[in-house]
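Enquirer: Next one to model:
(chains A, B, C and D, ligands or ions: 2)
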Amino acid sequence: MFYGIMFLKYQERIDKGVWHMNINIQEKWNERINSWNVSLSGEIDIYNAPELKSSLLKLIDEKNGNIIVDCTNLKYIDSTGLGVLISALRRVKDYNGEIIINNLQPYIYKIFTITGLDKVFTIKVQE
Amino acid sequence: MFYGIMFLKYQERIDKGVWHMNINIQEKWNERINSWNVSLSGEIDIYNAPELKSSLLKLIDEKNGNIIVDCTNLKYIDSTGLGVLISALRRVKDYNGEIIINNLQPYIYKIFTITGLDKVFTIKVQE
Amino acid sequence: MDEINLKLPARPEYMSVARLATAAIANRIGFNIDEIEDLKVAVSEAGNFLINRYEDISYLTIDYKISRNRSILTSVKASGTKVPKGENKEDELSLFIIESVTDKVTKQTEEGIIKGFTILKTGGGHLEQGGSGICGKKGKGRRYVG
Amino acid sequence: MDEINLKLPARPEYMSVARLATAAIANRIGFNIDEIEDLKVAVSEAGNFLINRYEDISYLTIDYKISRNRSILTSVKASGTKVPKGENKEDELSLFIIESVTDKVTKQTEEGIIKGFTILKTGGGHLEQGGSGICGKKGKGRRYVG
Ligand SMILES: Nc1ncnc2c1ncn2[C@@H]1O[C@H](COP(=O)(O)OP(=O)(O)O)[C@@H](O)[C@H]1O
Ligand SMILES: Nc1ncnc2c1ncn2[C@@H]1O[C@H](COP(=O)(O)OP(=O)(O)O)[C@@H](O)[C@H]1O
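Expert: Ligands and ions are numbered 1, 2, ... in the order given. Coordinates of the predicted model:
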């Protein structure tokens, strides 16, 4: 009953297949603005950053658009994750695209500010 | 700005004075039903159970009423915390009162079931 | 087999650290929410038991042995068990809970004195019918107060 | 002075365990949300640096020394540093982040080889104006890509 519901929620997460890496990546192409909408939830770190990298590169290969990253549910990003974003940005810049990072939590934004990456990406912080 | 808000929220918690023990206890007397409404949030464990015990005993001393415990935001309770509830129940029973535990999370309810305490307290689980 | 060791002061204020570390490890190897909670509870109660029972424990060592088959063998051990405290009614409650939420518990004893616990918990990572849910364990229920 | 020791496999999948344990400790001694986050980031990046740089690390040891004045001195050390991996562009980024979010960082070196880090973080537990908030550290900002 109550328990069943909790389990079910968990089951859904497993079925999505990525939660065991503590991250969930969802993407959708938006033709009108020539952009990928990517939403990240969980923690991006040295363990799952490679997965994020291959996801982003696949998108870029599929369509040379901008990348709009929604970070409403992003809880953590480390240097490895930043490296992936930097690396993706390089590729996107090759075709004059941009990477826009939306709804960053303030304490994650801090990591971008510290490293000067706030000047490289277009960032909007959560209010 | 954004950061200021986060800090403020934290400051409020400190000002309430109990969050450093990972628990927050709020209480209110309800004359109509001759009961104390007590709401617990956080984790009750061997560290802060003594604090819960003295809070409950103080209430019982002040007014011999029933105790209605709202556990919507209770995240954890250990054997020490259960012991405090048992001990309070003994006193409350002395004047024919009862302890009602509301909105327990299912995984905390499980601890009550395992120990048979679900038959001793009146419990309502979160749906 | 991976191994993680945690050594911390045997004082009530550090039990929350033991719980969070335990939860992090169980989460990492794919335990589901319920299994994570169970192991957390068991480790925490093992610590409670030892802290409540002896005067002279200065630290607890918690060793996690992680197997490929998604099981964690956790040892919770006290650094000193020579000076017992008085009777504690919650000891029995702790033991009872540990046994109820894990697959196997062994007491580590020396000359009849409990020095620690070895706790086995295997994760399925998915819903086991009647397994570790509430219903499955209901039969073991026992009353503590009348 | 309390001490907590954590030893875990030096593999990417265990860094989340190191972070949660760190957060639990910092929370326990009264660090505020921001200070907890800072120490978590620093310990995590120290681990990243070591894992990224050497082939032959089998485990990391993380030792926390907790002082009454609400400061934590954390040592993150690698078990092996004889076989360096190739260049890694993120190493510099890790170092930069560690230095930015803590009060003091010392590299533990032997014969010029970095074996670990000693990280000092003092908590105030309350709002420090222009302290560890975003604004206070803005001046140190640096660009990584052009
Ligand atoms: N300036 C930088 N600072 C930190 N990390 C960087 C920087 N530039 C690149 N990186 C990281 O180094 C890796 C290699 O970058 P790049 O030259 O773009 O090659 P790749 O084709 O492997 O992505 C990237 O994955 C990125 O994580
Ligand atoms: N049957 C029991 N099982 C487990 N713990 C109990 C039980 N009865 C009492 N306790 C615990 O033992 C402690 C002592 O109980 P009690 O006899 O009510 O004395 P006190 O006046 O100290 O509360 C209580 O705080 C309670 O935590």
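Enquirer: The longest helix anywhere in chain C near chain A at all?
Expert: Longest helix in chain C by number of residues (criterion: DSSP state H): helix C:33-53. Yes: Helix C:33-53 reaches chain A (Cβ under 8 Å from any Cβ of the partner chain) through C:33-34. All C-beta spots, glycine's among them, are computed from the backbone N, C-alpha and C.
Enquirer: For the following helix or strand past that helix, output the C-alpha coordinates as PDB.
Expert: Scanning forward in sequence from helix C:33-53 by DSSP states H and E, the next helix or strand is strand C:59-66. These are the backbone C-alpha positions of strand C:59-66, laid out as PDB (Å, rounded to 0.1, in the frame of the first residue of the first chain):
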ATOM      1  CA  TYR C  59      35.600   5.000  19.300                       C
ATOM      2  CA  LEU C  60      33.600   2.800  17.000                       C
ATOM      3  CA  THR C  61      35.000   1.200  13.900                       C
ATOM      4  CA  ILE C  62      32.600   0.400  11.100                       C
ATOM      5  CA  ASP C  63      33.800  -1.700   8.300                       C
ATOM      6  CA  TYR C  64      31.800  -2.300   5.200                       C
ATOM      7  CA  LYS C  65      32.600  -5.200   2.900                       C
ATOM      8  CA  ILE C  66      30.800  -4.800  -0.400                       C
END
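Enquirer: right, and residue C:115 touches residue C:80 too?
Expert: No: at 9.1 Å, residue C:115 does not count as touching residue C:80 under the criterion of Cβ atoms under 8 Å.
Enquirer: Need the pLDDT of residue C:69.
Expert: We note a pLDDT of 84 for residue C:69 in this prediction.
Enquirer: so how far is ligand 1 from it?
Expert: Residue C:69 sits 34 Å away from ligand 1 when distances are taken as Cβ to the nearest ligand atom, to the nearest Å.
Enquirer: Quick one: work out the angle between the longest helix of chain C and strand C:59-66.
Expert: 150 degrees (axes from the mean of the first three to the mean of the last three Cα atoms, to 10 degrees).
Enquirer: Mind checking if helix C:33-53 is in reach of ligand 2?
Expert: No: under the criterion of Cβ under 6 Å from any ligand atom, helix C:33-53 makes no contact with ligand 2; the nearest approach is 10.5 Å.
Enquirer: Packing partners of that helix?
Expert: Using 3 or more Cβ pairs under 8 Å, 6 or more residues apart in numbering or on different chains; DSSP states H and E as the contact test, the elements touching helix C:33-53 are helix A:2-16, helix B:79-94, helix B:106-114, helix C:15-28, strand C:59-66, strand C:71-78, helix C:90-101, strand C:113-122.
Enquirer: Can you find the residue of chain C that comes nearest to ligand 1?
Expert: Of all residues in chain C, the one sitting closest to ligand 1 is residue C:28 (23.4 Å; Cβ to the nearest ligand atom).
Enquirer: burial count for that residue?
Expert: The tally of other residues near residue C:28 (other Cβ atoms under 10 Å in any protein chain shown) stands at 22.
Enquirer: ditto for residue A:34
Expert: By the criterion of other Cβ under 10 Å, residue A:34 has 12 neighbours.
Enquirer: was I right about it contacting residue A:67?
Expert: No: with contact defined as Cβ under 8 Å, residue A:34 does not count as touching residue A:67 (10.7 Å).
Enquirer: Check the contact lists of those two and give me the overlap.
Expert: Here residue A:34 and residue A:67 have no joint contacts, going by Cβ atoms under 8 Å, 6 or more residues apart in numbering or on different chains.
Enquirer: name the helices or strands packed onto whatever helix or strand residue A:72 lives in?
Expert: Here residue A:72, judged by DSSP H and E, is contained in strand A:66-77. Counting contacts by 3+ Cβ pairs under 8 Å, 6+ apart, strand A:66-77 packs against strand A:35-44, helix A:49-62, helix A:79-94, strand A:99-104, helix A:106-114.
Enquirer: Out of these, which is closest to chain C?
Expert: Across the helices and strands packed on strand A:66-77, chain C has its closest neighbour in strand A:35-44 (11.0 Å, Cβ to the nearest Cβ).
Enquirer: hmm, the closest one in reach of chain C?
Expert: No: taking Cβ under 8 Å from any Cβ as the criterion, strand A:35-44 and chain C are apart, separated by no less than 11.0 Å.
Enquirer: re the thing from before, export the helices and strands packed on helix C:33-53 to TSV and tack on distance to chain D?
Expert: Putting those into TSV (distance: least, Cβ to the nearest Cβ, whole Å) gives the following:
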stretch	distance to chain D
helix A:2-16	16
helix B:79-94	17
helix B:106-114	19
helix C:15-28	4
strand C:59-66	8
strand C:71-78	12
helix C:90-101	21
strand C:113-122	16
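Enquirer: what's the burial count for the nearest residue to residue C:14 once chain neighbours are set aside?
Expert: Spatial nearest neighbour of residue C:14, excluding adjacent residues (Cβ to Cβ, 6 or more residues apart in numbering or on different chains): residue C:8 at 4.7 Å. For residue C:8, the neighbour count with other Cβ under 10 Å is 25.
Enquirer: beta partners of residue C:8?
Expert: The partner list for residue C:8 in beta bridges (DSSP bridges) reads residue C:60.
Enquirer: gap between it and residue B:123?
Expert: Distance check for residue C:8 against residue B:123: by Cβ to Cβ, to the nearest Å, it reads 33 Å.
Enquirer: Low-confidence regions, chain C specifically.
Expert: Residues of chain C that meet the criterion pLDDT under 70 lie in C:125-146.
Enquirer: Do stretch A:55-64 and ligand 1 come into contact?
Expert: No: with Cβ under 6 Å from any ligand atom as the criterion, ligand 1 is not reached by stretch A:55-64; the gap is at least 8.2 Å.
Enquirer: is chain D contacted by that stretch?
Expert: No: when contact is scored as Cβ under 8 Å from any Cβ, no part of stretch A:55-64 falls within range of chain D; the minimum is 15.3 Å.
Enquirer: Quick check: mean pLDDT of that stretch?
Expert: Taken as a whole, stretch A:55-64 carries a mean pLDDT of 96.
Enquirer: ok, residue 69 - contacts?
Expert: Using chain A. Remark: with contacts taken as Cβ under 8 Å, 6+ apart, residue A:69 is in contact with A:38-40, A:85, A:99-102.
Enquirer: Sorry, I should have been clearer: chain C.
Expert: The neighbourhood of residue C:69, defined by Cβ under 8 Å, 6+ apart, consists of residue C:122.
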